[in-house]
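Generate a structure from the sequence data that follows.
(chains A and B)
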2 protein chains.
Amino acid sequence: MTMEAERTLREEELAGLAELAAQLRVDAIRCSTRAGSGHPTSSLSAADLLAVLISRHLRYHWTDPRGRTNDHLIFSKGHASPLLYAVFKAVGAITDQELVETYRQFGSRLQGHPTPALPWVDVATGSLGQGLPAGVGIALAGRYLDHLPFHVWVLCGDSEMAEGSIWEALDKAGHYGLRNLTAIVDINRFGQRGPTELEWDLDTYRRRVEAFGCQALVIDGHDLAAIDEALGRARQATGPTVVLARTVKGKGVPEVENQPGWHGKPFKPDLAERAVAALGGVRQIRVAAPRPEPAPPASAPAAEPPTMPRYDKGAEVATRNAYGDALRALGSRPDVVALDGEVSDSTRADKFGEAYPDRFFEMFISEQQLVAAAVGLQVRGYRPFAATFAAFFSRAYDFVRMAGISRADIALSGSHSGVEIGADGPSQMGLEDLAAMRAVQGSTVLYPSDAVSCAALVAQMVDRKGVNYLRTTRGKYPVLYANEDAFPVGGSKLLRGGGDDDIALIGAGVTVHNCLAAADELAREGIKARVIDLYSIKPLDRDRLVDAVRATGGRLLVVEDHYPEGGVGSAVLESLADLAEPVRVTHLAVRGLPTSGTPIQLMDQAGIGVSAIVAAARAAEAPATDAAGAVSPAGARVDAASAAGGGPR
Amino acid sequence: MTMEAERTLREEELAGLAELAAQLRVDAIRCSTRAGSGHPTSSLSAADLLAVLISRHLRYHWTDPRGRTNDHLIFSKGHASPLLYAVFKAVGAITDQELVETYRQFGSRLQGHPTPALPWVDVATGSLGQGLPAGVGIALAGRYLDHLPFHVWVLCGDSEMAEGSIWEALDKAGHYGLRNLTAIVDINRFGQRGPTELEWDLDTYRRRVEAFGCQALVIDGHDLAAIDEALGRARQATGPTVVLARTVKGKGVPEVENQPGWHGKPFKPDLAERAVAALGGVRQIRVAAPRPEPAPPASAPAAEPPTMPRYDKGAEVATRNAYGDALRALGSRPDVVALDGEVSDSTRADKFGEAYPDRFFEMFISEQQLVAAAVGLQVRGYRPFAATFAAFFSRAYDFVRMAGISRADIALSGSHSGVEIGADGPSQMGLEDLAAMRAVQGSTVLYPSDAVSCAALVAQMVDRKGVNYLRTTRGKYPVLYANEDAFPVGGSKLLRGGGDDDIALIGAGVTVHNCLAAADELAREGIKARVIDLYSIKPLDRDRLVDAVRATGGRLLVVEDHYPEGGVGSAVLESLADLAEPVRVTHLAVRGLPTSGTPIQLMDQAGIGVSAIVAAARAAEAPATDAAGAVSPAGARVDAASAAGGGPR
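All right, here's what the predicted structure looks like:
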């Protein structure tokens, strides 16, 4: 490695960096010992890397964390939060008192792992292997959308290099030539429970990184000059760089250096005291951080009002097509971007891609990176829409979970939901997505039944906070609504009945159509069924349900193309849990393992088709006996599974 | 590449293989055209590879699919099912009639993507990037446990090489020196929506594979002699092999060869007719498959009865410790194996690892491979227990979902559930795991409150079918039960009350302890609260709940350390949905985004601590007004969030 003359640090500069590194170490020890928990040794190994980075390479207005030309700093190894917060003290973003007294305390923003509760933190980390993929999203924005000279620096641990998501990220970094991205891997050779898989086999790391299309720079992670040169080269590189830094876990504290058994263990006060003294005691060095370039005037073209698609009532249109139509229409806003998991001809995100190829990012078949890139893009203020099959978002569930913790504003569209997809079989059927997505903190879950409502919901997703999930259907079904109808998130639609009905049939998505057909058949038998389209699963229109309870004497039938746990039925039940009036819910859902077949065959097999709804509604009307054989005092009772056929267990 | 003399195929052998390959192509076309759906072009590209494999290398008793020395064949590219089923016809496992007439039909076992409904299929595929990781698990069993000479052959698509899970798998294959594993990558350069990321850049594939510790053999995937030599070399290799086969999508049908836009599209009948004719028409060649070595007599040591751990009532023991104790005890059975995601000192799987290092597999931080290896091990008859943090199983959710479709019998233990973990913050808290795991088809979900019940449940998991999920808690809590107590899956425990109680407090895991303390406090106020320990979340003890409804006039309070959607509360509500008697459930759950703090602080903040339970139970006893301001006719009504404090939204 050749040192360029202008990069050679003078002795006093090196001494200053060493002092700063000692301060970072001391502060990481102090705060974690005071908290009685945390990861000091994982912080000590990376202190030299960070000292050089924040003093000489990370261009950041610490008083203006939203500055458009600021670099980005992500701790993918989020457990090194003592080091990150020590950095924040060193640059003057937080006080020494806040650092030492509040770390990991209840109510503090200095949580055990970093979250965007801190304005200098872009994304929550702590689930390993996620910071780098998010950094790829930020770098994509910088290179392809913002065209601004900021750099994305990601500190990775060596243990997390075992996560496949790291390789999805490096692969995309190489593919998209993200020269504005640098990963710094702190290779201290110890994971939580012992040595990492590769320990200090730097050469294998190097070959992997290079094979995935990135420049690899191998350095001694405690050689300040070498770090400085590597980071300088990274910024000048023509592609993404991975700095592979050989480090020592616990570096600077001889009693724990390079020892197993010290992961995630704060030092006891006596050890901390010795360590701080040996490191030269507490310092209050304030780093003069390199300044970013001044931001040019924002030059984004003004958004034109989107011309949303219109559909003819009764025409047969798949909601996935309406998703594509609406997304393309929203493309008139320059902040809207779309991401594909190599299935855009199925999710119909291709409609956007054809119209706005510069804002369409192909992530190929790597759903983790698909979601992570969306999270990264929203860090830069974009409104990302990521789409794949509903079933395959399960591949990225940890990323969606962490997006919720990051308070990331993203839109996800899962197509091919339920047994309705037909012949492809269960591996392709999203049947647990509503349960999973509803359980994401702060999420919104939408499931339209027709093209008009789908387009209207997509239009609202673009400005909604948090994780927004849209569930679409493969097949074509009639347009039910007029283009002028409103579909507020949290609302629902009453499609039949509304007076003194005998039962309320509650569907969402494809089952709304089954409910309508069932209501027609029941009407011929003299049973008045109201039909509710519960297009907003979270938040849910509780008022509509309460009204239905009161109008029907508490007779509800929920039918969904989803497994029985955690889906539409559960949402209804949770919403009505504390209602005073008696409610009896017949719940039709997919209770067995589906197979291949036509949509009609599979919905009938699962007991969510028209005939099953009719039979269950009839049964709910007739007096029945309870499990003990006695006639129920309140009248009707139906066992959902048996009334509906149930399908194979 | 040097051809060894003894491997050189004679002209007539090559001609025979070409005939077989033509038959496989013809049959893949016939069945998919007849079905009107499927992926013929993805089958055509790999037909030559499979013709050579099944004729000369795959050692398999097709009439004895459970034979212990049979090789294993996995289609990781499950969408090439027409080719797989054409193989099954060629070896005589299914008839031509079944192939052509039932493919993708309702009720057929020849589903759109392969599942173990077919006895020759080990694992369901169709979610890309999963077959190879499962193959790693099978090969681990062969090399380290069975010590049998079978080989695992996995056909991969090139698109799925973008999945991080593929690299987790190759990394572990290299790490464990799995010379009994060969991946054959069908590099036809087209994905679903267009060219793959690397197209025919075989050299980049080679460098990646080699960097991840595997032998790479680059061949023309339509050169029968080259295929034969590569597969022969793979079987003789000293480590895992990846055959990188350059192929042509649609090979053999000039109208579609190497054309985009043909993914997942069956040929129309006229095109199919021309293609079949050009390929020489329908054949009924029957392959004489290479025979596996005779199986040696089973020599597994007899299982000694496990000596399950015992605990003293009142002693404070974490359930994660009880998991480790029970697992170590079950290690007396030689079929029990354990897997770790590099956190075994936290999950306490390390107790097993110390006692039985030969049956303990470290997967490092790659949760997808962790679950996939478990699925592979159970293919070989082992009883795998895989453990990581509850939160991090979300990383492998697609693998758990597919394990459900595979009908795989696996045990998963998720530690560090809920806000109870304290200072580490939300990234480490499993708060959606119950929702996600309940929604897996055929799953069992268990959540013990103390060490005795935990050990008893672990003992039952070992022989249960399907995906079994155990949720454990970080902190130590008093042992509640006697070692002699029974804890059948699907049961529950009544801990307080049982007569004419005012309210039933229903908890699971840590909240059981909060319910007990709350019941004591309520008793002092004259409110009789029964306490139910719902240790089995799925299946659920409905009888116990119905009994509680009848005894309390329908006043239930459910409290859980989980988000409100899809967890314990939803399970209770789903179970009682159709009950005749009125039920009003107060539902205390974690409604905001947690932070750091002590367990007590965080449970109190979330409104699931003792004081919140007491307050909510009191409110449920007092008449309240409903949303419209009117007094509810049935009396009590409580808004869970407001009564319980709720925590930050």
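
Can you check the pLDDT for whichever residue of the stretch 301-450 of chain A sits closest to chain B?
For the stretch 301-450 of chain A, the residue closest to chain B is A:Ser427, as judged by CB to the nearest CB, at 2.9 Å. In short, each C-beta sits where N, CA and C put it, glycine included. On the pLDDT scale, A:Ser427 is placed at 98.

Run a quick check on it versus A:Ala391, I expect a contact.
Yes: A:Ser427 lies in contact with A:Ala391 (CB atoms under 8 Å); the separation is 7.1 Å.

shared neighbours, these two?
B:Ser127 (CB atoms under 8 Å, 6 or more residues apart in numbering or on different chains).

where do the strands sit along the stretch 451-600 of chain A?
Ranges of strands within the stretch 451-600 of chain A are A:467-471, A:476-478, A:493-496, A:503-507, A:529-533, A:536-538, A:555-559, A:584-588, based on DSSP state E, counting those that start in this stretch.

which helices and strands does the first one pack with?
Applying 3 or more CB pairs under 8 Å, 6 or more residues apart in numbering or on different chains; DSSP states H and E, one finds that strand A:467-471 makes contact with helix A:397-405, strand A:410-415, helix A:433-438, strand A:444-446, helix A:451-461.

mean confidence score for the longest one?
Pointing back at helix A:451-461 there. 98.

what packs against it?
Secondary structure elements in contact with helix A:451-461, counted by 3+ CB pairs under 8 Å, 6+ apart, are helix A:319-330, strand A:410-415, strand A:444-446, strand A:467-471.

same deal with the first one?
Other elements packing on helix A:397-405 under the criterion 3+ CB pairs under 8 Å, 6+ apart are helix A:367-379, helix A:433-438, strand A:467-471, helix B:397-405.

Walk me through which strands the third one pairs with, and which way each runs.
In this case it means strand A:467-471. In the sheet, strand A:467-471 lines up against strand A:410-415 (parallel), strand A:444-446 (parallel) (DSSP bridges).

looking at these, which is closest to A:His61?
Of all these, strand A:410-415 sits nearest to A:His61, with 26.3 Å by CB to CB.

Direction-wise, compare the closest one with helix A:367-379 and give the angle.
When axes from the mean of the first three to the mean of the last three CA atoms, to 10 degrees is applied, the directions of strand A:410-415 and helix A:367-379 differ by 150 degrees.

Isn't A:Leu339 up against A:Tyr382?
No: with contacts counted by CB under 8 Å, A:Leu339 stays clear of A:Tyr382, the gap being 10.4 Å.

out of these two, which sits in the busier spot?
A:Leu339 (30 against 23; other CB atoms under 10 Å in any protein chain shown).

Wasn't the more buried one part of a helix?
No: counting by DSSP: H, G, I helix; E, B strand; the rest coil, A:Leu339 falls outside a helix, being strand.

so which helix or strand takes in the residue nearest to it when sequence neighbours are not counted?
Nearest residue to A:Leu339, sequence neighbours excluded (CB to CB, 6 or more residues apart in numbering or on different chains): A:Ala386, at 4.2 Å. Using DSSP states H and E, A:Ala386 sits in strand A:383-389.

Go through that strand and flag the buried ones.
Within strand A:383-389, the residues that count as buried by 16 or more other CB atoms under 10 Å in any protein chain shown are A:Arg383, A:Pro384, A:Phe385, A:Ala386, A:Ala387, A:Thr388, A:Phe389.

surely the last one meets A:Ala349?
Meaning A:Phe389. No: counting by CB under 8 Å, A:Ala349 is not a contact partner of A:Phe389; they are 11.7 Å apart.

Show the low-confidence segments of chain A, by residue range.
For chain A, the stretches flagged by pLDDT under 70 are A:1-7, A:300, A:622-649.

Can you tell me the centre-most residue of it?
Computing the C-alpha centroid of chain A and ranking residues by CA atoms, centre = their mean puts A:Val400 first, at 2.6 Å.

give me every residue that touches that residue.
So A:Val400 contacts A:Val371, A:Phe393, A:Leu412, A:Ala436, A:Met437, A:Val440, A:Val467 (CB under 8 Å, 6+ apart).
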